[in-house]
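> Return atomic coordinates for the entry below.
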Amino acid sequence: MKIYNTMTRQKEEFVPLNPGKAGIYVCGPTVYDFIHIGNARPMIVFDTLRRYLEHKGYEVNFVTNFTDVDDKIINRSIKENVPASEISEKYIAECKKDMEALNVKPATVHPQATKEIPEMIDMVKTLIDNGHAYEKNGTVYFKVRSFDSYGKLSHKNIDDLESGHRAESHQLKVSGEDEKEDALDFVLWKPKKEGEPYWESPWGQGRPGWHLECSCMSKKYIGDTLDIHAGGEDLIFPHHENEIAQSEAASGKEFSRYWMHNAFLRINGDKMSKSLGNFFTVRDICEKYDPQIVRFFMLSAQYRTPLNFSKELIEDSAKGLERILNGAEKLSDIVGKDNKKAISEAEQSILDNEIPKFVSRFDEAMDDDLNTADAISVIFELVRFTNANTDENSSSDYAKKLYDILFELSDTVLGVHIERAEDEMASEDVARIEALIAERTAAKKEKNFARADEIRNQLLEEGIILEDTREGVKWKRA
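Okay, here's the model as predicted:
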């Protein structure tokens, strides 16, 4: 498998530190509100990476955190007059609900920053002891110029960064608000303010800086060196750059072998923003669309390609997913007939010679930097092929083998369910629909086609689609 490594700006063969194992860390959300639709893209993309590596036989240690101490959490707690921990715990629970709806597997570990404070204090001590950090009046800063390769991930030149900070730094120093030795230095530990949560430390009561949290949590649950560190492209600088600096300065080891970053999600061509009125939570979107359609949409583009979220595009995804669901349903129906005749010679030839070609092409797409767009195209072709090469006379065992392959590629690897969710329709509504279908069947027998069409149209307006088959009339929700 080849992965585009942000560090080297090229695709590289994935070779993990330990054969057959993969340690992956993905930056998670700051939990002060419901997650937004932009948060969903990295969650779905890197969940799919994990699934594919597991499909290939890797043992994956997948760690993604919750940032549960942050200015935004504190501000919300003050506004609602409740402890900050109450805000973070509430929205961790809500985030997990949204992740489950999107079929994002729970991480191997979901560390929370507030539960890993001792490890953070230890790392700060190490950085001070080895000359990479210093303390000023309760604030501990990382000394950026002490780390020679600062900027290697974002490919930013430290002198260019310095010139950009100079005016801002001068103003802060004049006003006495900043005691940093260098404008580029960043905070590892900050002193508490009135009403904020805090922890005891050698530098006084305070809390960790955001960058420090991820370095310590990834180290504790994976090790000094990660196989893959992933997140949105907005995290490349300064967050991931600062993680590298402090982690490598503390351990003396490479922090991560590969860096993966997904491109932004835009809304109708614009950056998502509350001021533009195009800010949507996952909960908002999933009230309008099946979460599986949202997941399918997110995978419809390769993860490094910018993705535009619009009503038209997500409805196109809904139609595409429907084609796959229909194909799976056809195979399932054949399996359900329990035709016990042996797999024919022609069927076995298809299983041995044709189907492996689709599986191979699917793997080729996924091996090419997780190209889910091309992988989905292969699934569409597989569905067309199975539709053309199965009918009511096909053996159940043959249909079951085809179904299992479709399930493995779509459901297991891409995380997109190929079985429709059961309708939670009231029993009286089901009875009414079936009574109307029975009336329509009787009308057709009596050649009262006007009444039969009237019933079909009535049900269609209610979102019920009828399908006339040899086994009778089937119905489903649109």
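
> In the sheet, which residues pair with the closest residue to Met7 other than its chain neighbours? Tell me.
Excluding the flanking residues, the one nearest Met7 by CB to CB, 6 or more residues apart in numbering is Trp259, at 5.0 Å. The way it works is simple: take the backbone N, C-alpha and C, and place the C-beta from them, glycine included. Here Trp259 sits in beta bridges with His229, going by DSSP bridges.

> ok, Trp259 to Leu409 distance?
Distance of Trp259 to Leu409, given as CB to CB, to the nearest Å: 27 Å.

> Is it correct that Glu86 is in contact with Ile74?
No - Glu86 is beyond contact range of Ile74, at 11.9 Å (criterion: CB atoms under 8 Å).

> which of those two has more neighbours?
Ranked by neighbour count (other CB atoms under 10 Å), Glu86 and Ile74 place Ile74 first, with 19 against 13.

> quick one on the thing from earlier: report how many residues lie close to the residue nearest to Met7.
For Trp259, using other CB under 10 Å, the count is 22.

> Any idea how far apart the tips of stretch 226-244 sit?
End-to-end span of stretch 226-244 (CA to CA, to the nearest Å): 11 Å.

> In three-state terms, how would Arg50 be classified?
helix (DSSP: H, G, I helix; E, B strand; the rest coil).

> Let me know the pLDDT of it.
Model confidence at Arg50, given as pLDDT, is 98.

> For it, give its distance to Asn5.
Distance from Arg50 to Asn5, by CB to CB: 18 Å.

> between these two, which one's more packed in?
Between Arg50 and Asn5, Arg50 has the larger neighbour count (other CB under 10 Å), namely 24 against 20.

> give the contact list for that one.
Arg50 sits next to 24, 60, 62, 105 when contact means CB atoms under 8 Å, 6 or more residues apart in numbering.

> how near is it to Gly23?
Counting by CB to CB, the gap from Arg50 to Gly23 is 11 Å.

> joint contacts of the two?
When CB under 8 Å, 6+ apart defines a contact, no residue borders Arg50 and Gly23 alike.

> Surely the residue nearest to Met7 touches Tyr4?
No - contact criterion CB under 8 Å: Trp259 and Tyr4 do not qualify, at 9.1 Å.

> Flag the shaky bits of the stretch 151-300 of the chain, pLDDT-wise.
Applying pLDDT under 70 to the stretch 151-300 of the chain flags the ranges 163-178.

> one more time with 90, if that's ok
The model of the stretch 151-300 of the chain has pLDDT under 90 over residues 158-179, 195, 269, 271-279.

> how about the helices in it?
For the stretch 151-300 of the chain, applying DSSP state H, counting those that start in this stretch gives helices covering 158-175, 210-221, 241-251, 282-288, 291-298.

> most neighbours, which of the contacts of Arg50?
Going by other CB under 10 Å, Ile24 tops the contacts of Arg50 with 27 neighbours.

> Which among the helices of the stretch 151-300 of the chain is found nearest to Ile379?
Proximity to Ile379, assessed across those by CB to CB, is greatest for helix 291-298 (10.3 Å).

> and Ile74, what helix or strand is that in?
helix 71-80 (DSSP states H and E).

> Going by neighbour count, which residues in the helix or strand following that helix are buried?
Using DSSP H and E, the helix or strand that follows helix 71-80 in sequence is helix 84-101. Using 16 or more other CB atoms under 10 Å as the burial criterion, the residues of helix 84-101 that qualify are 84, 87-92, 94-95, 98-99, 101.

> now those as CSV including distance to Lys220 and pLDDT?
Supplementary listing: these in CSV, determined by distance: CB to CB, whole Å; pLDDT from 0 to 100:
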residue, distance to Lys220, pLDDT
Ala84, 22, 96
Ile87, 24, 97
Ser88, 19, 97
Glu89, 21, 97
Lys90, 25, 97
Tyr91, 23, 98
Ile92, 18, 98
Glu94, 25, 97
Cys95, 21, 98
Asp98, 26, 98
Met99, 22, 98
Ala101, 29, 96
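
> which one among these gets closest to Lys445?
Ala101 (43.9 Å).

> Which of the buried residues of helix 84-101 sits closest to Ala443?
So of the buried residues of helix 84-101, ranked by how close each gets to Ala443 (CB to CB), first place is Ala101, at 40.8 Å.

> Now do the contacts for the closest one.
By CB under 8 Å, 6+ apart, the neighbours of Ala101 are 282, 286, 291.

> quick one, what contacts Lys401?
Lys401 neighbours (CB under 8 Å, 6+ apart): 343, 351.

> How far does the host helix or strand of it sit from its chain's centre?
Element membership for Lys401, per DSSP H and E: helix 396-406. Counting by CA atoms, centre = their mean, to the nearest Å, helix 396-406 is centred 29 Å from the centre of its parent chain.

> mind listing what's buried in it?
396-399, 401-403, 405-406.

> Repeat that for stretch 449-461.
452, 455-456, 459.

> could the residues you listed go into CSV alongside secondary structure, pLDDT and distance to Ala342?
Converted to CSV, these look like this (DSSP: H, G, I helix; E, B strand; the rest coil; pLDDT from 0 to 100; distance: CB to CB, whole Å):
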residue, secondary structure, pLDDT, distance to Ala342
Ala452, helix, 90, 41
Ile455, helix, 92, 43
Arg456, helix, 90, 40
Leu459, helix, 90, 41
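
> now, among those, which is nearest to Lys220?
Nearest to Lys220 among the buried residues of stretch 449-461, with distances taken as CB to CB, is Leu459, at 57.0 Å.

> The closest one contacts Leu436, doesn't it?
Yes - here Leu459 reaches Leu436: they are 6.3 Å apart, a contact under CB under 8 Å.

> Pull the contacting residues for Lys341.
Ser395.

> State the three-state secondary structure for it.
Under three-state DSSP, Lys341 comes out as coil.

> Next, the angle from the helix or strand where Arg323 lies to helix 396-406.
For Arg323, the host element (DSSP H and E) is helix 311-336. For helix 311-336 against helix 396-406, the angle by axes from the mean of the first three to the mean of the last three CA atoms, to 10 degrees is 150 degrees.

> helices or strands next to helix 311-336 in the packing?
Using 3 or more CB pairs under 8 Å, 6 or more residues apart in numbering; DSSP states H and E, the elements in contact with helix 311-336 are helix 291-298, helix 372-388, helix 396-406.

> and of those helices, who's closest to Ser344?
Comparing those by CB to CB, helix 396-406 comes nearest, at 7.5 Å.

> quick one: the next helix or strand after the closest one to chain centroid distance?
Sequence order places helix 427-445 as the next helix or strand after helix 396-406, per DSSP H and E. Helix 427-445 sits 42 Å away from the centroid of its parent chain (CA atoms, centre = their mean).

> which helices and strands does helix 427-445 pack with?
Taking 3+ CB pairs under 8 Å, 6+ apart as the contact cut, helix 427-445 packs with helix 449-461, strand 464-469, strand 472-477.

> got the contact list for the first one?
Yep, that's helix 449-461 we're talking about. 433, 436-437, 439-440, 443-444, 465-466, 475, 478.

> For Lys340, which non-adjacent residue is closest in space?
According to CB to CB, 6+ apart, the nearest residue to Lys340 is Ser396 (6.7 Å).

> residues in contact with that neighbour?
Contacts of Ser396 by CB under 8 Å, 6+ apart are 334-340.

> Can you tell me which of these is closest to Phe186?
Using CB to CB, the contacts of Ser396 come closest to Phe186 at Val335, 58.5 Å.
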